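1. okay, sequence plus prediction incoming.
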Amino acid sequence: MLIDFHTHIFPDKIAKKTMEILTKPMAEYKGGNYTPYTNGTLSDLKRSMRENNVDISVVLPVVTSPKQTASINEFARSVASDDIIAFGGIYPGQKDWEDVLYNISESGLKGVKLHPEFQSCYVDSPDVIKIIKKAEDLGLYVSIHTGTSIGCAPPLHCSPKMLRNVLRVVSGENIIGAHMGGWDLWEDTERYLAGTPILMDISFVRGYLPKDLCMRIFEKHGIDKILYGSDSPWESQSDSLTYLNDLGLSLDEKDLIKYKNALRVLDLKV
Ligand SMILES: [Zn+2]
């Protein structure tokens, strides 16, 4: 079984344009020759899941202005199914943030996504911390983009050190540090986050996070807090599996990362 804890899709009518905008910085970063692995729609994610033997995908919407929140969460609710677990979106600082979280919780979504770079908010600011705290009270997870983001200029809004600051005031048990807690800041992940209560996903690390450092972080952090993720459509849903298979983990350890930890987090039985 394979559960991909980090994917993105867009409503059909805006998928093409959104993908064009988001693909540009990615293509520049990758040297010009780059094609995303889906067209950004739900149906193409499902095709990718079939082709890559992914049983369940978690979709994470990024809200880039407060006025998008309602429609994005409506879309999230509409795509939730047995094999699509939807998180909701929220914009830190939006006035009705508490109602947004209540609605997300009441409608059965499992968590919310924050993207401090796209949302220009520091992860250790009061507006973000109160969202994480309230989400914890409501039993919601908070998946947070961490580290550098391709196409986003400094300053950085969620370094491993800043995320560590957050753990002074929240337990961290409901936080998922995407991209191993600090994309392109791997040594700081080892230093500030490994061994804390947060979960981390391994999306978009293949080709960037050196394998020996990854294994050190796993060991210090605990394999039971690592989730499989791809960051589809930006990486293939099987790329992280290639990475995982090359690390030298035992079958049991790989199963924890591939699906067992996710089943526990999502409270699912198979
Ligand atoms: Zn992502």
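-> Looks like it arrived, so ask away. Residues are numbered from 1 along each chain as shown.

2. which residue ranges of this protein form helices?
-> 12-29, 42-51, 69-79, 97-106, 126-138, 160-166, 186-188, 211-221, 239-245, 251-255, 261-266 (DSSP state H).

3. I'd like these written out as a markdown table, with distance to residue 174 and mean neighbour count added.
-> From N, CA and C alone the C-beta is placed, and that goes for glycine too. Shown next, in a markdown table, are these (distance: least, Cβ to Cβ, whole Å; neighbours: other Cβ atoms under 10 Å):
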| stretch | distance to residue 174 | mean neighbour count |
| --- | --- | --- |
| helix 12-29 | 27 | 14 |
| helix 42-51 | 25 | 17 |
| helix 69-79 | 18 | 17 |
| helix 97-106 | 12 | 17 |
| helix 126-138 | 5 | 18 |
| helix 160-166 | 11 | 21 |
| helix 186-188 | 22 | 18 |
| helix 211-221 | 16 | 16 |
| helix 239-245 | 22 | 18 |
| helix 251-255 | 23 | 13 |
| helix 261-266 | 9 | 19 |
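
4. of these, which approaches residue 203 most closely?
-> helix 239-245 (6.4 Å; Cβ to Cβ).

5. how far off centre is the closest one?
-> For helix 239-245, the separation from the chain centroid amounts to 17 Å (computed by Cα atoms, centre = their mean, to the nearest Å).

6. output it as PDB, restricted to C-alpha atoms.
-> Coordinates of each C-alpha in helix 239-245 appear next as PDB, following Å, rounded to 0.1, in the frame of the first residue of the first chain:
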ATOM      1  CA  ASP A 239      10.000   9.500  -7.400                       C
ATOM      2  CA  SER A 240      10.000   9.500  -3.600                       C
ATOM      3  CA  LEU A 241       9.700   5.800  -3.600                       C
ATOM      4  CA  THR A 242      12.800   5.400  -5.600                       C
ATOM      5  CA  TYR A 243      14.600   7.600  -3.100                       C
ATOM      6  CA  LEU A 244      13.100   5.700  -0.100                       C
ATOM      7  CA  ASN A 245      14.100   2.300  -1.700                       C
END
